[in-house]
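3D model of this:
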Amino acid sequence: MIYVFLATGFEDIEALAPVDIMRRAGLEVQTVSITGEQIVTSAHGVGIVADMLLSDVDFPKAEMLVLPGGLPGSTNLDACKPLTQAIVRHFEAGGAIAAICAAPLVFGHLGLLQGRRATCYPGVESELKGATYTSAIVEQDGNIITGKGPGAAFEFGYTIVEYFRGQSVSQILREGMIYEELING
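Next comes the predicted model:
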């Protein structure tokens, strides 16, 4: 199971585009509200109904924990102790983690990026404690995937799909969603 955590102020496209792409690839994905309420309000005032609440997450079944960015979404994720503790346990057990835009700051504050390549929204680099900042659109270093910002949401989703399903499945999705045509002209 892949869990995508939603906090008040999350960036709409950074949550929903990757969820859409992962589900198209047949991955099991659940959106999770950390607010205690089923409906979470995005950075742009859109109310999204999460699949479940944080208290309902079965962390031992998690294959990946995903954090969309946005402000104050990223800082709200960072302030959620039950979530950050679960991220550390998951990562220390060898589990995969992913974050986009400002959300990699959560991993940086937890010390999970030490000695790893990572990217994030410009201006957040100083929060990636111990990371080698690359400024790439999407960066994968082992079981950590980070994305730069809203414009990277599709590539971020495709990279997660590639992590689980391989390059051929990711490529089929890219072509079927007209992404390759958009990028390559």
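
Which secondary structure element of this structure has the lowest mean pLDDT?
Lowest on mean pLDDT, DSSP states H and E among the helices and strands of the chain sits helix 179-184, with a mean of 78.

contact partners of that helix?
154, 158, 171, 173, 174, 175 (Cβ atoms under 8 Å, 6 or more residues apart in numbering). Every residue, glycine included, has its C-beta placed from N, CA and C.

who's in contact with the third one?
It stands for residue 171. Residue 171 sits in contact with residue 180, where contact means Cβ under 8 Å, 6+ apart.

And the pLDDT for it?
What the model reports as pLDDT for residue 171 is 95.

quick one: it from residue 118, how far?
Residue 171 sits 25 Å away from residue 118, going by Cβ to Cβ, to the nearest Å.

just so I have it, where are all the helices in the chain?
For the chain, the helices defined by DSSP state H cover 12-24, 73-78, 81-92, 104-109, 153-165, 167-176, 179-184.

Tell me how far the second one lies from the chain's centre.
Translated: helix 73-78. From the chain centre to the centre of helix 73-78 is a distance of 12 Å (Cα atoms, centre = their mean, to the nearest Å).

which residues touch it?
Counting by Cβ under 8 Å, 6+ apart, 5-11, 34, 42-43, 67, 83-84, 101-103, 105-106, 109 sit against helix 73-78.

Which of those residues are buried, as a ChimeraX select command?
To isolate the buried members of these in ChimeraX, using 16 or more other Cβ atoms under 10 Å:
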select :5,6,7,8,9,10,11,34,42,43,67,83,84,101,102,103,105,106
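
From the contacts of helix 73-78, which land in strands?
Judged by DSSP state E, the contacts of helix 73-78 include 5, 6, 67 as members of strands.

which one is the first one nearest to, not counting chain neighbours?
Right, the one you point to is residue 5. residue 32 (5.0 Å; Cβ to Cβ, 6 or more residues apart in numbering).

do the second one as well
Take residue 6 and drop its neighbours on the chain: the residue closest to it by Cβ to Cβ, 6+ apart is residue 40, 4.2 Å away.

ok, the one you found - contacts?
6, 7, 8, 10, 33, 47, 48, 50.

of all those, which two lie farthest apart?
For these, the farthest-apart pair by Cβ to Cβ is 7 and 47; their separation is 13.6 Å.

highest average neighbour count across the helices of the chain?
The highest mean neighbour count among the helices of the chain, using mean count of other Cβ atoms under 10 Å, belongs to helix 104-109: a mean of 26.

Show me what it is packed up against.
helix 73-78, helix 81-92, strand 96-100, strand 117-118, strand 144-147 (3 or more Cβ pairs under 8 Å, 6 or more residues apart in numbering; DSSP states H and E).

Just the CA coordinates for it, please, in CSV.
This file holds the C-alpha atoms of helix 104-109, laid out as CSV (Å, rounded to 0.1, in the frame of the first residue of the first chain):
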residue,chain,number,x,y,z
PRO,A,104,11.3,17.2,1.5
LEU,A,105,11.9,19.5,4.5
VAL,A,106,10.2,16.9,6.6
PHE,A,107,12.8,14.3,5.7
GLY,A,108,15.6,16.8,6.1
HIS,A,109,14.4,17.7,9.6
